[in-house]
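Engineer: here is a sequence together with a model predicted from it:
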Amino acid sequence: MLEALGKTQQTLLKALFVNKKGLTIEALARFLAITPPAVRQHITALDGLGYLEKDQAPSTGGRPGQFYSLSARGRALFPKQYSFFSDILLRAILAEKGPEGLKDWLGKLGQDVAGSFTERLARLSARDRVMETVSIMNTMAYDASAVEEAGSDEFPAIEAVNCVYHDLAAQHPQVCQFDLALLSGLTGAQVTHEKCIQLGDNVCRFCFKK
């Protein structure tokens with residue numbers, strides 16, 4: 001979250017959010033009223049977090065300079081109304097189809113999303129599909145990891161510490177059906193939702209069987 005960063009870094013990111021094409025170190029130094037070396041220190045920290053992209057500024061006859069802009073991860077720090085829009089959409093489907101209809105619709109959506117990864121997963125073993133599913137989940141910000149059970153021949157479980165639909169799932173429990181259908185489609189296995197952040201657990205834990 002943007003609020004977790006220091007005030008100067010927040011201001012720097014806001015400057016880049018307004019200046020979509022990016023700014024140079026010198027321009028940021030003038031804007032922030034700090035020295036260029038101080039800007040570089042903040043740039044290094046923010047770049048390490050994946051919030052920035054760098055490129056060469058267009059030449060104006062002299063030597064082109066380095067400039068920085070927000071990456072997709074950096075832009076995601078700024079508030080958007082996806083949850084608000086998604087809530088309206090889910091309420092409309094709920095009104096039309098009822099609770100079970102909404103659950104079925106979300107399950108179909110999860111299967112469709114899983115289907116988009118068919119080629120990526122096609123040649124993997126069942127265990128490797130679970131491991132690759134962790135990577136796919138992390139591109140969706142689940143912050144997931146595989147958990148091996150000691151002495152078990154079953155597939156590793158997957159634990160996610162970030163409920164990416166937390167607010168929506170609180171209002172619409174059927175949203176969890178999307179996760180179950182997505183993971184079933186990705187792994188080709190039966191999925192059990194053993195722990196759930198919405199129910200007070202620290203993680204969402206998914207276990208798999210053939």
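Structural biologist: Looks like it arrived, so ask away.

Engineer: report pLDDT for the residue most central in space within the chain.
Structural biologist: In the chain, the centroid-proximal residue (Cα atoms, centre = their mean) is A141; its distance is 2.4 Å. On pLDDT, A141 comes in at 86.

Engineer: need the three-state assignment for it.
Structural biologist: Here A141 is coil, with the state taken from DSSP: H, G, I helix; E, B strand; the rest coil.

Engineer: wait, what's in contact with it?
Structural biologist: 162, 164 (Cβ atoms under 8 Å, 6 or more residues apart in numbering). To be clear about C-beta, it is placed using only N, CA and C from the backbone, and glycine gets the same treatment.

Engineer: cutoff 10 Å now
Structural biologist: Residues in contact with A141 (Cβ atoms under 10 Å, 6 or more residues apart in numbering) are 73, 76, 160, 162, 164.

Engineer: ok, how many other residues are close to the last one?
Structural biologist: The tally of other residues near V164 (other Cβ atoms under 10 Å) stands at 15.

Engineer: go on, the third one?
Structural biologist: Taking other Cβ under 10 Å as the criterion, the count of residues near A160 is 23.

Engineer: likewise for the fourth one?
Structural biologist: Using other Cβ under 10 Å as the criterion, N162 is surrounded by 16 other residues.

Engineer: please name the nearest non-neighbouring residue to it.
Structural biologist: D143 (4.2 Å; Cβ to Cβ, 6 or more residues apart in numbering).

Engineer: okay but that neighbour is in contact with I158, surely?
Structural biologist: No. Counting by Cβ atoms under 10 Å, D143 sits too far from I158 to count as a contact (11.1 Å).

Engineer: domain-wise, how is this protein divided?
Structural biologist: Here the domain parsing of the chain from automatic domain parsing is 2-75, 82-209.

Engineer: what's the least confident stretch among the ones you listed?
Structural biologist: Lowest mean pLDDT within the domains of the chain: domain 2-75, at a mean of 88.

Engineer: pull the distance from that one to the chain's centre.
Structural biologist: A distance of 23 Å separates the centroid of the chain from that of domain 2-75, by Cα atoms, centre = their mean, to the nearest Å.

Engineer: now stretch 127-145
Structural biologist: For stretch 127-145, the distance to the chain centre is 11 Å (Cα atoms, centre = their mean).

Engineer: and what of stretch 122-135?
Structural biologist: On Cα atoms, centre = their mean, the centre of stretch 122-135 falls 19 Å from that of its chain.
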